[in-house]
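Asker: Build me a model:
(chains A and B)
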There are 2 protein chains.
Amino acid sequence: MWEDYEIGYLDRDLVPLIALLNRDRDIYTTSSCSGRIVVVDGAVPWVREEADVIFKSHTPVAWSDIEFIYKTPPHRGYWLVVTGPILHFSTTSIKKAVSLLKKARIAGFKHSGIMHISTTRGVFVELVTGVYMTQLIKTRNLDVVSQHDIVEVLALFNRALIEGKQRLQRLYEVFENNLPESPDLEVERELSSRRVEIALRKPIEVFYEICGDLCREFLRT
Amino acid sequence: MWEDYEIGYLDRDLVPLIALLNRDRDIYTTSSCSGRIVVVDGAVPWVREEADVIFKSHTPVAWSDIEFIYKTPPHRGYWLVVTGPILHFSTTSIKKAVSLLKKARIAGFKHSGIMHISTTRGVFVELVTGVYMTQLIKTRNLDVVSQHDIVEVLALFNRALIEGKQRLQRLYEVFENNLPESPDLEVERELSSRRVEIALRKPIEVFYEICGDLCREFLRT
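Answerer: Numbers count the residues shown, from 1 in each chain, chains lettered A, B, ... in the order given. Below you'll find the predicted structure:
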């Protein structure tokens, strides 16, 4: 986790929750995302072999950030996509997984579930919200959403992104009351020796910080 | 299931798969959907308290079917949404659930998982694909997608719907090789006494049948 964090691979607003989960000896997080807006060039917006992510942001997006899509034609089609937070972790027991799932559902992660169970790698859990929407912006032949209207569409997508961040905060609050059940002493030592202040803050605070002026302005409206 | 089917509540193209699953003594299906296109009136397209489904179709949608959205302003905003198939069932053992999950993933149901485990109601499984997209068509103030462009957008949504139906067919093929593991004799008796021919056909065949001319025309292009 620290390696990911230091090379900037881990979203900063995920750090408090990821740290909290890993402080439990029976939980081990893997790839996760705090929620993001992307532009995909593809025939369909669900990413797979033939679709490329050409823009990505974990904070609200300004019109000027994606203006370039009106200057270059897509290979297939430009899609704006907003995705709520997604967390992945393995845990040692089914009982623990089920208990965490129940809590996550309360926090608005309604599509969460156990994805795999293996004797070697434990119980693999995915926590995911229903916060997800897409908008086809243009195809090779057609501007589906005009440069004038994209501002209104972006405002909706930014609002959905923030809704996702708020659920991340709620998840943190629900888990904070219950974890760590059995502290992982090595992680606790690591956390205090590195004095990782970010790990002790609330996800939404970190988000507001990285979000900057645009976000504050946005939240006022 | 038969009650649901007879009152038209169960999508016809789901019947073969639902019948196949229930023929296994250890599997009990609940609410499921073969994939659909809807129009939602809401601030966001994920359905909840403050959003209404105002149009719904389990087969491809023609422009004339949804022309009405340009004649009546929305309360909040009209969203076109396509969702791939979703299956829900309970099973008696975790081992069985995990084995079915693995098979479902091969068939393209990549976001599937165990949602709950309870001693009384067993292991509750959701099988779901990543086939999902939305398009904001108009708000109270703005036609985001023009009447001219909606035809191209609909074509993409119809294609995604069919992609979902194809995955349903693949799921049927994968399960057909493995189920029923332990036949439920009552269901088997019921199936043969009612001579429900539809339960013996392939999902994609039933889909083509209910889909009609539009679908055939669509598949030619």
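Asker: got the contact list for A:Asp149?
Answerer: Shown here is A:Asp149, whose contacts under the criterion Cβ atoms under 8 Å, 6 or more residues apart in numbering or on different chains are B:142, B:144. Bear in mind the C-beta positions are built from the backbone N, C-alpha and C, glycine included.
Asker: gap between it and A:Ile137?
Answerer: 10 Å (Cβ to Cβ, to the nearest Å).
Asker: Please apply the same query to A:Val61.
Answerer: Counting by Cβ to Cβ - A:Val61 and A:Ile137 are separated by 12 Å.
Asker: swap in A:Arg48?
Answerer: Taking Cβ to Cβ, one finds A:Arg48 at 19 Å from A:Ile137.
Asker: more crowded one of those two?
Answerer: A:Ile137 (23 against 10; other Cβ atoms under 10 Å in any protein chain shown).
Asker: so that one is in which element?
Answerer: strand A:132-139 (DSSP states H and E).
Asker: Compute the inter-axis angle for the helix or strand following that strand and strand B:132-139.
Answerer: Heading C-terminal from strand A:132-139, the first helix or strand you meet, by DSSP H and E, is helix A:150-176. Interaxial angle, helix A:150-176 versus strand B:132-139 (axes from the mean of the first three to the mean of the last three Cα atoms, to 10 degrees): 130 degrees.
Asker: average pLDDT for helix A:150-176?
Answerer: Throughout helix A:150-176, pLDDT has a mean value of 95.
Asker: Mind listing what's buried along the next helix or strand after that helix?
Answerer: Counting by DSSP H and E, the element after helix A:150-176 in chain order, helix or strand, is helix A:185-194. Buried residues in helix A:185-194, counting neighbours by 16 or more other Cβ atoms under 10 Å in any protein chain shown, are found at A:187, A:190-191.
Asker: List just the nearest of the residues you listed to chain B.
Answerer: Chain B has its nearest neighbour among the buried residues of helix A:185-194 in A:Val187, at 26.6 Å by Cβ to the nearest Cβ.
Asker: is it true that that closest one touches A:Asp26?
Answerer: No. With contact defined as Cβ atoms under 8 Å, A:Val187 does not reach A:Asp26; the gap is 11.8 Å.
Asker: give me the residue from chain A nearest chain B.
Answerer: Counting by Cβ to the nearest Cβ, chain A gets nearest to chain B through A:Gly113 (2.5 Å).
Asker: Skip the chain neighbours and tell me the closest residue to that residue.
Answerer: B:Gly113 (2.5 Å; Cβ to Cβ, 6 or more residues apart in numbering or on different chains).
Asker: how many neighbours does that neighbour have?
Answerer: 25.
Asker: Same check on A:Pro73?
Answerer: A:Pro73: 13 neighbours (other Cβ under 10 Å).
Asker: Next one, pLDDT for the most centrally placed residue in chain A please.
Answerer: For chain A, the residue sitting closest to the mean C-alpha position, by Cα atoms, centre = their mean, is A:Ser34 at 2.1 Å. If you check A:Ser34, the pLDDT there is 95.
Asker: And for A:Met1?
Answerer: 64.
Asker: Likewise for A:Leu214?
Answerer: 66.
Asker: now do A:Arg76
Answerer: pLDDT at A:Arg76 comes out at 94.
Asker: so what's A:Leu156 up against?
Answerer: A:133, B:43-44, B:77, B:136.
Asker: how much space between it and A:Asp13?
Answerer: Applying Cβ to Cβ to A:Leu156 and A:Asp13 gives a distance of 21 Å.
Asker: and what of A:Arg140?
Answerer: 36 Å.
Asker: between those two, who's got more neighbours?
Answerer: A:Asp13 (28 against 10).
Asker: isn't that one right next to A:Phe207, touching?
Answerer: Yes. Here A:Asp13 reaches A:Phe207: they are 4.2 Å apart, a contact under Cβ under 8 Å.
Asker: Need the overlap of contacts for those two.
Answerer: A:34, A:165, A:168.
Asker: Which parts of chain A are strands?
Answerer: A:27-29, A:36-41, A:52-57, A:77-83, A:86-91, A:113-118, A:122-128, A:132-139 (DSSP state E).
Asker: what packs against the fifth one?
Answerer: I take that to be strand A:86-91. Contacts defined by 3 or more Cβ pairs under 8 Å, 6 or more residues apart in numbering or on different chains; DSSP states H and E place strand A:86-91 against helix A:15-22, strand A:27-29, strand A:122-128.
Asker: Mind putting those into CSV with distance to chain B?
Answerer: Converted to CSV, those look like this (distance: least, Cβ to the nearest Cβ, whole Å):
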stretch, distance to chain B
helix A:15-22, 18
strand A:27-29, 17
strand A:122-128, 6
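Asker: Show me which residues of chain A sit near chain B.
Answerer: A:43-46, A:77, A:79, A:94, A:98, A:101, A:111-117, A:126, A:128, A:130-136, A:139, A:141-142, A:144-145, A:149, A:152-153, A:156, A:160, A:163 (Cβ under 8 Å from any Cβ of the partner chain).
Asker: show me the residues around the residue sitting furthest away from the middle of chain A that make contact.
Answerer: Largest separation from the mean C-alpha position in chain A: A:Asn141, at 32.6 Å (Cα atoms, centre = their mean). Going by Cβ under 8 Å, 6+ apart, A:Asn141 touches B:Glu152.
Asker: Poorly predicted segments of chain A, please.
Answerer: Chain A contains residues with pLDDT under 70 at A:1-10, A:47, A:49, A:195, A:213-214, A:216-221.
Asker: try it again with 90
Answerer: A:1-13, A:31, A:46-51, A:119-121, A:185-221 (pLDDT under 90).
Asker: Next, format the strands of chain A as a markdown table and append distance to B:His88.
Answerer: Below are those laid out as a markdown table (distance: least, Cβ to Cβ, whole Å):
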| stretch | distance to B:His88 |
| --- | --- |
| strand A:27-29 | 27 |
| strand A:36-41 | 29 |
| strand A:52-57 | 31 |
| strand A:77-83 | 23 |
| strand A:86-91 | 21 |
| strand A:113-118 | 11 |
| strand A:122-128 | 17 |
| strand A:132-139 | 19 |
